[in-house]
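# Quick one, structure for this:
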Amino acid sequence: MSIQQRRERLMPNGIPKWIRCYDDGGETIDRYTVVYTKLSGDIGGLYVGMSAAPYHPQGVCLHGQGDYGRPIDRPTYGHLGKKIQFNDLPDDCRKVVLNDYASLWGLEVPA
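Predicted coordinates for the structure are as follows:
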């Protein structure tokens, strides 16, 4: 499989395939949470919690790993807020996710 085919399989139309995005509506400083699902190997339950401006000096961008006792390809994280689409995340949050996703899957980091 070529690099381009692999990238398209993992990121159809430039959107990470194996993530779930949540918005708690501003109840917490890390309003947006993205869970990375179905990773290869024993890695699982990786997530990032972010404010709308994760790169700002007063912004928040926290990575973690949790075991919620469920298969990583079927997480239920209702406590994280409403499930949203990747494109509903603020621009800087999408950049964080794209960089993380590329790193986790061994893809080129997007420009």
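
# Got phi/psi on R20?
phi -130, psi 130 (degrees, to the nearest 10).

# do the one 5 residues further on as well
Summarising the backbone geometry of G25 under the convention degrees, to the nearest 10, its torsions are phi 70, psi 10.

# contacting residues around the residue nearest to it when sequence neighbours are not counted?
Excluding the flanking residues, the one nearest G25 by CB to CB, 6 or more residues apart in numbering is G81, at 6.1 Å. Yep, even glycine has a C-beta here, placed from its N, CA and C like the rest. By CB atoms under 8 Å, 6 or more residues apart in numbering, the contact set of G81 is 22-25, 27, 31, 33.

# Turn these into JSON lines, columns for secondary structure, distance to V109 and neighbour count.
Below are the contacts of G81 laid out as JSON lines (DSSP: H, G, I helix; E, B strand; the rest coil; distance: CB to CB, whole Å; neighbours: other CB atoms under 10 Å):
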{"residue": "Y22", "secondary structure": "strand", "distance to V109": "24", "neighbour count": "21"}
{"residue": "D23", "secondary structure": "strand", "distance to V109": "25", "neighbour count": "19"}
{"residue": "D24", "secondary structure": "coil", "distance to V109": "28", "neighbour count": "16"}
{"residue": "G25", "secondary structure": "coil", "distance to V109": "31", "neighbour count": "9"}
{"residue": "E27", "secondary structure": "coil", "distance to V109": "31", "neighbour count": "9"}
{"residue": "R31", "secondary structure": "coil", "distance to V109": "25", "neighbour count": "20"}
{"residue": "T33", "secondary structure": "strand", "distance to V109": "22", "neighbour count": "22"}
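
# separation between the residue nearest the centre of the chain and M11?
Among the residues of the chain, the one closest to the centroid is V34, at 3.6 Å (CA atoms, centre = their mean). Distance, V34 to M11, by CB to CB, to the nearest Å: 14 Å.
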